[in-house]
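Trainee: sequence isn't available, so here's the structure alone:
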């Protein structure tokens, strides 16, 4: 009788485990408590290499397949059910995590024009899940890239080098230049900086535009450069240890990653750009990840010599001094949101995962306080905005906004800009 009872309990537990998917896991408080302690999703399976070996002759479809193989081997959640709309064509009956975080391409029957999308630090191509479809519907062939160390587990960021990121960005830009008549590059955060640095060195003749979304210029933490030295100390491997219940973006942050992105930002602040390349920048003045003042200094320096159009979509409550040569659109009010965050710019309010009523709510401001974290995750009424100190002090509970109420306006400007230069 006891054996039958134990068997029944085991069966029920197994059913519960199977029922868990990428949309229910972020809401599971017990899984959060367990994950904070064990770090189950913080560490990758130690199968194969964390970095894909590239061959510049590799077709992009081959690159995508090889990256899928790497993710399947190292990501513990790769095959977890994930019942969200997929961007790329997928005939599988059960959508899985890997179907959303792997790189993909959306191709038309022609090779007239394309756009390459490069995500940021701790992120994945899922950040482009909405904008990629909008660009495809406007006639663009769309490609995304997965930066090394991403798409598996946060600990894999300790196994990559700056050169690995550079090599992948160089491959993707060169391959896209070869495969299409004209193209643009759009980078988000660290991806924007990596794209800019590569284009400054190697500018394809058929590259017609550059779009920078919250480009990584300087961190608010001016001591971030020390991370490369602190990382050598015993037991000093992590800046943040979270449960990593977000399937598409790491919530934990290793010191090694801070050291890598610091090097990228130092180079970004020193680099020139081709003066005849049209540039659109989209950013928030209150960005809690990147120092927006540093970004404005960089854009101002570029504008002094730039002959091609420069445009800026800026989310800011107060007027900001911008050079006259930069065509600026300032958004001062957002529906239902205090202010705009670094991470929400590319996501519509209706997004099924990161949207207002989506499966994931960003409560990282409370990751060290389990009770406050739970209240943030479960509250019916909550304030959204960027998680800087003023907002955290003024609003309880408070969540970092992961969507953009101005998504339609932003997308309209983006498409207008691209159509003016890539045709």
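Mentor: Now that the structure is in, tell me what you want to look at. Being a predicted model, the structure only gives us computed values, none of them experimental. Numbering: from 1, shown residues only.
Trainee: surely residue 111 is in a helix?
Mentor: No - the assignment for residue 111, made by DSSP: H, G, I helix; E, B strand; the rest coil, is coil rather than a helix.
Trainee: how many neighbours does it have?
Mentor: By other C-beta atoms under 10 Å, 13 other residues sit near residue 111. Using the backbone N, CA and C atoms, a C-beta is placed for each residue, glycine as well.
Trainee: list the contacts of it.
Mentor: 141, 179, 180, 181 (C-beta atoms under 8 Å, 6 or more residues apart in numbering).
Trainee: any chance of those in JSON lines, with pLDDT and secondary structure too?
Mentor: Listed next are the contacts of residue 111 as JSON lines, based on pLDDT from 0 to 100; DSSP: H, G, I helix; E, B strand; the rest coil:
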{"residue": "141", "pLDDT": "98", "secondary structure": "strand"}
{"residue": "179", "pLDDT": "98", "secondary structure": "helix"}
{"residue": "180", "pLDDT": "98", "secondary structure": "coil"}
{"residue": "181", "pLDDT": "98", "secondary structure": "coil"}
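Trainee: surely residue 319 meets residue 328?
Mentor: No - between residue 319 and residue 328 there is no contact under C-beta atoms under 8 Å: 10.0 Å.
Trainee: tell me which of those two has more neighbours.
Mentor: residue 328 (16 against 9).
Trainee: what is the neighbour count of the nearest residue to residue 292 once chain neighbours are set aside?
Mentor: Excluding its sequence neighbours, the residue lying closest to residue 292 (C-beta to C-beta, 6 or more residues apart in numbering) is residue 285, at 5.0 Å. Neighbours of residue 285 under the rule other C-beta under 10 Å: 19.
Trainee: how far away is residue 285 from residue 417?
Mentor: From residue 285 across to residue 417, the span is 20 Å (C-beta to C-beta, to the nearest Å).
Trainee: equivalent analysis for residue 209, please.
Mentor: 7 Å.
Trainee: hmm, back to that, out of the contacts of residue 111, which are buried?
Mentor: Neighbour counting by 16 or more other C-beta atoms under 10 Å classes 141, 179, 180 among these as buried.
Trainee: OK, contacts around the closest residue to the last one other than its chain neighbours?
Mentor: I take that to be residue 180. Excluding its sequence neighbours, the residue lying closest to residue 180 (C-beta to C-beta, 6+ apart) is residue 114, at 4.0 Å. Residue 114 makes contact with 140, 141, 142, 143, 176, 179, 180, 182, 183, 184, according to C-beta under 8 Å, 6+ apart.
Trainee: need the three-state assignment for the residue lying closest to the second one once chain neighbours are set aside.
Mentor: Going back to what we said before, that points to residue 141. The spatial neighbour of residue 141 that comes closest, neighbours along the chain excluded (C-beta to C-beta, 6+ apart), is residue 114 at 4.0 Å. Assigned by three-state DSSP, the conformation of residue 114 is strand.
Trainee: where along this protein do the helices fall?
Mentor: In the chain, the helices defined using DSSP state H lie at 2-19, 29-38, 60-74, 98-101, 131-137, 162-179, 190-201, 227-230, 255-270, 292-303, 370-378, 389-394, 407-421.
Trainee: for the fifth one, give the mean pLDDT please.
Mentor: Per-residue confidence for helix 131-137 averages out to 98 on the pLDDT scale.
Trainee: what residues of that helix count as buried?
Mentor: So, applying 16+ other C-beta under 10 Å, buried residues of helix 131-137: 131, 132, 134, 135, 136.
Trainee: now flag whichever of those is closest to residue 300.
Mentor: Using C-beta to C-beta, residue 131 comes nearest to residue 300 of the buried residues of helix 131-137, at 26.9 Å.
Trainee: and the closest one, what does it touch?
Mentor: So residue 131 contacts 117, 346, 411, 414 (C-beta under 8 Å, 6+ apart).
Trainee: out of those residues, flag the one nearest to residue 258.
Mentor: Distances from residue 258 to those, taken by C-beta to C-beta, are shortest for residue 346, at 23.0 Å.
Trainee: can you tell me how far the closest one is from residue 28?
Mentor: 27 Å.
Trainee: please apply the same query to residue 300.
Mentor: 47 Å.
Trainee: what does residue 178 give?
Mentor: 45 Å.
Trainee: one more: residue 407?
Mentor: Applying C-beta to C-beta to residue 407 and residue 28 gives a distance of 28 Å.
Trainee: next one: stretch 147-166 to chain centre, how far?
Mentor: 14 Å (C-alpha atoms, centre = their mean, to the nearest Å).
Trainee: who's in contact with it?
Mentor: Counting by C-beta under 8 Å, 6+ apart, 41-44, 50-52, 67, 70-71, 74-76, 101-102, 118-119, 121-124, 168-169, 190-191, 194, 197-198, 237, 244, 250-254, 256-257, 260, 263-264 sit against stretch 147-166.
Trainee: can you tell me the centre-most residue of the protein?
Mentor: Using C-alpha atoms, centre = their mean, the residue of the chain that lies closest to the mean C-alpha position is residue 123, 3.7 Å off.
Trainee: that residue against residue 188, yeah?
Mentor: Yes - between residue 123 and residue 188 there is a contact at 7.1 Å, judged by C-beta under 8 Å.
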